[in-house]
Structure formats: structure tokens, C-alpha cells
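**Q** model the following, please.
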Amino acid sequence: MTTPTPAARRSALTSRVVLYATLVALALIFLVPLAWMVITSLKTYTAAQQIPPSWLPNPVAGYGYEQILNNSANPVLRWFLNSMVAATLHSLLVLVTASMAAYSLARLRFRGRGVTFALIVGTLFIPPTSLIVPNFLIVDQLQWIDTLTVVVVPGAASAFGVFFLRQFFLSLPNELEEAATLDGANQWQIFFRVVLPLSKPALATLAVLSFLTNWNDFLWPIFVLFSPENLTLPPGLGLLQGSYVTDYPVIMAGAVLASVPVLILFVLAQRHIIQGVSRSGLKG
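**A** From the prediction side, this is the model:
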């Protein structure tokens, strides 16, 4: 084994220092706004207006949380529950529809398979805002307006989910499915008992992405939800900000409430997310 020269060791050390410094800088860029949000939510109204602003809340107060939790005009907890239910059900529907479509496009042989996949991927280039009016007319005919169904079902046929899972399914070895076929398994049994258990990382990744998309959706709920008790969190917090234009502790407390489930979900699923992203897209 060749011993590294002093110059090579210095170069390696410099590269490592630069890498760690870059990672620390990127971490600060993402963490400082989160820290400022939490700190501001714990300040009093007067302390939040101070110039220059202080990093530490003095005194620590729950004023912002009291305002959003005890305000009957803005039922934040109800909005939070609506968002949780809508995002969870939406994620489950995306997994069902996308996994079946992706498996068909990845493993089944039928005429027009390539054209079908191309058309599905092509819908990703259509601006979502251009579909608001036709989608509104459809859900109006279905009488879904101002119900949670209207923010759960539309968008459940995810073109990105089909593309993402198809790429993952293509990376799985065909030998596993051939062995299951020799053992007498039919196509549905192969799908449910072989493919899906092996696809947990990709399914977890798509579930998290679908949850975040629905959780953060602001534009569509504004058009289809009207009753205060039926609102989800993003448009609800928009009303909160309108009610408290300069009340930063209240606004930041609402933002903290909206961020907690997302952070918990990412922490719990990060290992699966990394595996799913690293394995998807290996085969075309």
C-alpha cells in the first residue's frame, strides 16, 4: 500500500474542511429561519416589535399560541385536523393509483404502453393553474365543493407518482417475479406479495412527497373551500395573517403548528426517502 505524501494529506484535509464548512453553511441557511420562527412565536407582542430584534425571547410567553388556540373566529385546531385528514387520505390514494399504473407500465406488455407512459409524463408539463377552472367545474358537478373530498380526490392520479414508481419497479430484478410465477403466483399475487414489499422505500418517499404537496397546497383550497370550519391549514393561516397584520407571535405560532407534522414525518421516513431516491431512476 502506497503511503500518502504530506502534500496529498494536506490536500485531502483541505478538501474535507471545505466540505464540512459548506455543509455547516447550508445547514445554517435552512435552520436559522426555523429557529427564528420558533423564537418569535415565544415572544410577547411588544418584544416582537423591538428594533433591533433580539434572538432570545425575554420573557418567554405563550401569547401567540393562546391567541390561535382560543380564537373561535379562527379555529386553527380544526384547520390542522382537516389538513391531517386530507393529506393522509390523499397520500393513500396516490399510493394506490400510482403503484398499480406504474407496475402495469413497468412489467406488463401491451400495445401502446410507451405512448401511454409518454402521455402521462407529458401532463407534468401542464401548468396546474391552467386546470383550476375545468377542475372546479367537474367537482361542482359532483357536489364536492366545500367538503374535504374536494382536496383529497383531485390530484390523486399523480403523474409524478407513476413516473417515480415505474422507475423503481424497473430497477427490481425480474428473476424474483419469474420465481414467483413458477411457484404458481398470478399477476396480482406477484404485485402484492413480491413487488410492493420490496418497494417500501419508494412507496414511503412518494407518500411523504404526496403528503407535503397536499399539506402545503394553498391555491386550490381557496377556490373550493368556503366555510371556516372546512378550511385546511394553509388558507386558514392566510386568514390568520390577514387578521393579525403585524402580530408576529401569532403568525409564527401558526407557522410552527404547520411545520411540526412535516418535520416529524421527515425524521421518521428519512431513511426510506434516501433509499427510494437513490434506487429510482436507475433504469429507463
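**Q** which residues are in contact with residue 237?
**A** 76, 79, 251, 254, 255, 258 (Cβ atoms under 8 Å, 6 or more residues apart in numbering). The C-beta positions use only the backbone N, C-alpha and C, and glycine is treated the same way.
**Q** quick check: pLDDT value at the fourth one.
**A** At residue 254, the pLDDT value in this model is 83.
**Q** what helix or strand does residue 60 sit in?
**A** For residue 60, there is no enclosing helix or strand under DSSP states H and E.
**Q** and it, what does it touch?
**A** Counted by Cβ under 8 Å, 6+ apart, residue 60 has contacts residue 42.
**Q** before we move on, what about the one 3 residues further on?
**A** Listed by Cβ under 8 Å, 6+ apart, the contact partners of residue 63 are 43, 44, 45, 249, 250.
**Q** how about the helices in the stretch 101-250 of the chain?
**A** Counting by DSSP state H, counting those that start in this stretch, one finds helices in the stretch 101-250 of the chain at the ranges 113-122, 132-141, 149-152, 159-171, 174-182, 187-190, 196-198, 200-215, 219-224, 233-243, 248-279.
**Q** any buried residues in the second one, and which?
**A** Looking back up the chat, that one is helix 132-141. 135, 136, 139 (16 or more other Cβ atoms under 10 Å).
**Q** over to the first one?
**A** Of the residues in helix 113-122, those scored as buried under the neighbour-count criterion (16+ other Cβ under 10 Å) are 117, 120.
**Q** quick one, that helix and helix 159-171 angle?
**A** 140 degrees (axes from the mean of the first three to the mean of the last three Cα atoms, to 10 degrees).
**Q** how far off centre is helix 113-122?
**A** Its chain's C-alpha centre and that of helix 113-122 lie 24 Å apart, by Cα atoms, centre = their mean, to the nearest Å.
**Q** do the fourth one as well
**A** Counting by Cα atoms, centre = their mean, helix 159-171 is centred 17 Å from the centre of its parent chain.
**Q** for that helix, C-alpha coordinates in PDB please.
**A** Output of helix 159-171 as PDB, limited to C-alpha atoms (Å, rounded to 0.1, in the frame of the first residue of the first chain):
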ATOM      1  CA  ALA A 159     -48.300  11.600 -13.000                       C
ATOM      2  CA  PHE A 160     -45.100  12.100 -11.000                       C
ATOM      3  CA  GLY A 161     -46.000   9.100  -8.700                       C
ATOM      4  CA  VAL A 162     -46.500   6.900 -11.800                       C
ATOM      5  CA  PHE A 163     -43.100   8.000 -13.200                       C
ATOM      6  CA  PHE A 164     -41.300   7.700  -9.900                       C
ATOM      7  CA  LEU A 165     -42.600   4.200  -9.100                       C
ATOM      8  CA  ARG A 166     -42.200   2.900 -12.600                       C
ATOM      9  CA  GLN A 167     -38.500   3.800 -12.500                       C
ATOM     10  CA  PHE A 168     -38.200   2.000  -9.200                       C
ATOM     11  CA  PHE A 169     -40.100  -1.100 -10.400                       C
ATOM     12  CA  LEU A 170     -37.700  -1.300 -13.400                       C
ATOM     13  CA  SER A 171     -34.800  -1.500 -11.000                       C
END
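**Q** which stretches of the stretch 151-284 of the chain have low pLDDT?
**A** The stretch 151-284 of the chain contains residues with pLDDT under 70 at 241-246, 272-284.
**Q** just want the most central residue of the chain.
**A** Taking Cα atoms, centre = their mean, the centroid of the chain lies closest to residue 212, which sits 2.2 Å from it.
**Q** what comes up buried for the helix or strand that contains residue 92?
**A** Residue 92 is part of helix 76-107, with elements assigned from DSSP H and E. Burial within helix 76-107, assessed by neighbour count using 16+ other Cβ under 10 Å, is assigned to 76, 78-80, 82-83, 86-91, 93-95, 98-99, 101-107.
**Q** ok, stretch 206-218 next?
**A** For stretch 206-218, a neighbour-count test (16+ other Cβ under 10 Å) marks 206, 207, 208, 209, 210, 211, 212, 213, 214, 215, 217 as buried.
**Q** skipping its backbone neighbours, what lies nearest the last one in space?
**A** I take that to be residue 217. Nearest residue to residue 217, sequence neighbours excluded (Cβ to Cβ, 6 or more residues apart in numbering): residue 234, at 6.4 Å.
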